[in-house]
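Enquirer: with the sequence up front, the predicted model follows.
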Amino acid sequence: MQALTNRVKEVDRKPLSFMEKMYLPAILKGMFITFSHIFKKKPTINYPEKTRPFSPVFRGMQILNRDEEGRENCTACGLCAVACPAEAITMEAAERQAGEEHLYREEKYAAKYEINMLRCIFCGLCEEACPKDAIYLSESFAPADYQRKQFVYNKSELLIPNPKEDPEAYKKALGNRAKPTTNA
Amino acid sequence: MTTTFLLIDLPLILEKFVLILVVVMASLGIAMYTTFAERKVAAILQDRRGPNRAGPFGILQPLADGMKLFFKEEIIPNFSSKALFVLGPGLAMLTAIMTSAVIPWGDKVHFFNRDISLQIADINIGILYIFGVLSLGVYGIMIGSWASNNKFSLLGGLRAASQIISYELAMGISLIALLMITGTLSLKEMVVQQQNGYWNIVLQPLGFIIFLVCSFAECNRTPFDLPEAENELIGGYHTEYSSMKLGFYLFSEYINMFISSVVMSTLFFGGYDVPFFDEAAHADWGNWLALIGIAALMIKAVCFIFLFMWVRWTIPRFRYDQLMHLGWRVLIPLALFNMLVTGGVILYFFNK
């Protein structure tokens, strides 16, 4: 039959030679190859003692951001909830009262903010939609749990630590999103 | 009545009982850790690590596996024959352990002013007994596959049984050649002869290769693991089994593997003989000599077990017709040729 391309290789259909018919020499050759694999380096990583490094744009769990004075950025505008394709975010807004200026940046804030981790698909659209730089996806992922209702994370679990009270934890959680400090 | 009772040698019975207990427990324990070693060796040959989470380096993994099997639900199908269903795995386990009765595990030990030989039954038809029990092993599979009331199980069991009985013939014929040289069926005699002379592997290399290939087929190990592969694909004789009955079938396979390794090292590699070590000159070491013998036997058995696993993860399995072709049309003529040549050499050189 005419070959379609010029990269065709003829299959070798010769009858087996005596050494091949004995099976044993070929088996021994194979066994030596397998034996040499004992001494090769294993690519297994012993999780959780060692972890593979994630890329800086890894989309893990959500974190609600604060500014440098420790005030929450989120204004409960609802853009993240609308942008979420899995409808995982719900929130309730509230008005900032007179004595709470140090807690919230703007006059409207989120009294209740919940993300259902079982619905979240970690796409990052909420991070792209937020106008206030209030939510971003960090490099850690949601840990395992035994009950479904534990997976609905509320605001206190999602908030970043306060830089006024806990600067190291804040810096660690912020990671590589810290704005470069200008010489002031 | 009391006089006949006093005539029974009670210390002998006690000693045999303790020996049986020790041997059975040791076989079960070694088979348990063989399952663990299988996974570790498989992993190392495949560029990965084996189980290393249960206990340090995964040592407690077989315990975890055993407990898992215990905790699973026992399902007995409604339309199966219930008595046969429960009998099948029991038979498989029974014949697997029964073979360990005639193997000489070591030399004599001296406890309580008695010379205790480390062999449960030193019958003078040792090898024939092992062969008989091996043939009984087919029953376990056949009964299990019949009692499942499942056509796929039946077909799988038929294939397994036919594979086992085909390779028993070649095994027997290669053993006849060995027996012509040793002149005795008793395993203890064979070990003593190998201690004084050369190991039988030197005298019977072809016989050893045939015996090795046949014992791969007897234990249903790759490349002859068609019954096991069918379990992954369709069914096989232990489709309908769950929990501890399944555990018995799988476990009896590992015990078979261990006993085959020990039998092969006894027949061809000198059993508890330590090479280049003069036992008679060190007879004053007493019990430690027997311990060294046991250690030597265990090392040889472990090497064989490693060989079993090494071959398993190297070559693919045979098709059924290739398997039958190998058993009947290649191994039996080869074994007959081996027997004839051995007989000829013996007659020519030693019986002039």
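Expert: Great, that's in hand. Residues are numbered from 1 along each chain as shown, chains lettered A, B, ... in the order given.
Enquirer: run a quick neighbour tally on residue 85.
Expert: Chain wasn't specified; assuming chain A. 11 (other Cβ atoms under 10 Å in any protein chain shown). In short, each C-beta sits where N, CA and C put it, glycine included.
Enquirer: ah, no, chain B please
Expert: When neighbours are defined as other Cβ under 10 Å, B:Phe85 has 20 of them.
Enquirer: next one: it relative to B:Leu267, how far apart?
Expert: 36 Å (Cβ to Cβ, to the nearest Å).
Enquirer: average pLDDT across the longest helix seen in chain A?
Expert: Using DSSP state H to define each element, chain A has its longest helix at helix A:24-36. Throughout helix A:24-36, pLDDT has a mean value of 89.
Enquirer: ok, residues contacting it?
Expert: Residues outside helix A:24-36 that contact it (Cβ atoms under 8 Å, 6 or more residues apart in numbering or on different chains): A:19-20, B:45, B:209, B:310-311, B:313-315.
Enquirer: spatially central residue for chain A, please.
Expert: A:Gly60 (2.7 Å; Cα atoms, centre = their mean).
Enquirer: now do the strands in chain A.
Expert: Counting by DSSP state E, chain A has strands at residues A:62-64, A:89-95, A:108-116, A:135-137, A:152-153.
Enquirer: please identify the deepest-packed of those.
Expert: When the strands of chain A are scored by mean count of other Cβ atoms under 10 Å in any protein chain shown, the highest mean neighbour count falls to strand A:62-64 (a mean of 22).
Enquirer: report all helices and strands that it contacts.
Expert: Under the contact criterion of 3 or more Cβ pairs under 8 Å, 6 or more residues apart in numbering or on different chains; DSSP states H and E, strand A:62-64 touches strand A:135-137, helix A:155-158.
Enquirer: returning to that earlier point: what's the most distant pair in the contacts of helix A:24-36?
Expert: Largest separation among these by Cβ to Cβ: A:Met19 and B:Leu45, giving 24.8 Å.
Enquirer: higher neighbour count, these two?
Expert: B:Leu45 (20 against 10).
Enquirer: what's near enough to touch the more buried one?
Expert: A:34-35, A:37-38, B:309-310, B:313-314.
Enquirer: quick check: bridge partners of the closest residue to B:Glu15 other than its chain neighbours?
Expert: Residue nearest to B:Glu15 in three dimensions, not counting chain neighbours: B:Ile116, with 5.5 Å by Cβ to Cβ, 6 or more residues apart in numbering or on different chains. Using DSSP bridges, the beta-bridge partners of B:Ile116 come out as B:Val109.
Enquirer: right, and B:Ile116 touches B:Trp105 too?
Expert: No: applying Cβ atoms under 8 Å, one finds B:Ile116 not in contact with B:Trp105, separated by 11.2 Å.
Enquirer: which one's more surrounded, the two?
Expert: For B:Ile116 and B:Trp105, the more surrounded residue by other Cβ under 10 Å is B:Trp105, and the numbers stand at 22 against 18.
Enquirer: and that one, that's in a helix?
Expert: No: under DSSP: H, G, I helix; E, B strand; the rest coil, B:Trp105 sits outside any helix and is assigned coil.
Enquirer: how close does the nearest residue to it once chain neighbours are set aside sit to chain A?
Expert: Spatial nearest neighbour of B:Trp105, chain neighbours left out: B:Leu118 (4.4 Å); criterion: Cβ to Cβ, 6+ apart. Shown here: B:Leu118 relative to chain A, a distance of 34 Å by Cβ to the nearest Cβ, to the nearest Å.
Enquirer: wait, B:Leu118 touches B:Leu297, no?
Expert: No: assessed by Cβ under 8 Å, B:Leu118 is found out of contact with B:Leu297, at 9.8 Å.
Enquirer: quick one: common contacting residues for those two?
Expert: Residues touching both B:Leu118 and B:Leu297 by Cβ under 8 Å, 6+ apart: B:105-106.
Enquirer: those two: which has the busier surroundings?
Expert: Shown here are B:Leu118 and B:Leu297; by other Cβ under 10 Å, B:Leu297 has more neighbours (26 against 20).
Enquirer: my read is that the more buried one contacts B:Thr266, right?
Expert: Yes: the pair B:Leu297 / B:Thr266 is scored as a contact, 7.5 Å apart, by Cβ under 8 Å.
Enquirer: how many neighbouring residues does A:Leu159 have?
Expert: The burial count for A:Leu159: 16, using other Cβ under 10 Å.
Enquirer: A:Glu72 is in contact with that one, correct?
Expert: Yes: contact criterion Cβ under 8 Å: A:Leu159 and A:Glu72 qualify, at 7.1 Å.
Enquirer: list residues touching both of the two?
Expert: In contact with both A:Leu159 and A:Glu72: A:64, A:66, using Cβ under 8 Å, 6+ apart.
Enquirer: nearest to chain A: which residue in the stretch 51-200 of chain B?
Expert: The minimum distance from the stretch 51-200 of chain B to chain A, using Cβ to the nearest Cβ, falls at B:Asn52 (8.0 Å).
Enquirer: which helix is the longest one in chain B?
Expert: helix B:10-45.
Enquirer: mind checking how far it is from the chain centre?
Expert: Averaged C-alpha coordinates place helix B:10-45 at 12 Å from its chain's average position (Cα atoms, centre = their mean, to the nearest Å).
Enquirer: same check on stretch B:70-77?
Expert: 28 Å.
Enquirer: again with stretch B:192-200
Expert: Relative to the chain's own centre, stretch B:192-200 is displaced by 22 Å; criterion: Cα atoms, centre = their mean.
Enquirer: just checking, B:Ser309 is part of a helix?
Expert: Careful, residue B:309 is Met; it's not Ser. Yes: secondary structure of B:Met309 (three-state DSSP): part of a helix.
Enquirer: got a list of what the closest residue to chain A within the stretch 151-300 of chain B touches?
Expert: The nearest approach of the stretch 151-300 of chain B to chain A comes at B:Ile209, 7.5 Å away (Cβ to the nearest Cβ). Going by Cβ under 8 Å, 6+ apart, B:Ile209 touches A:Leu24.
Enquirer: rerun that using 7 Å as the cut-off
Expert: By Cβ atoms under 7 Å, 6 or more residues apart in numbering or on different chains, no residues touch B:Ile209.
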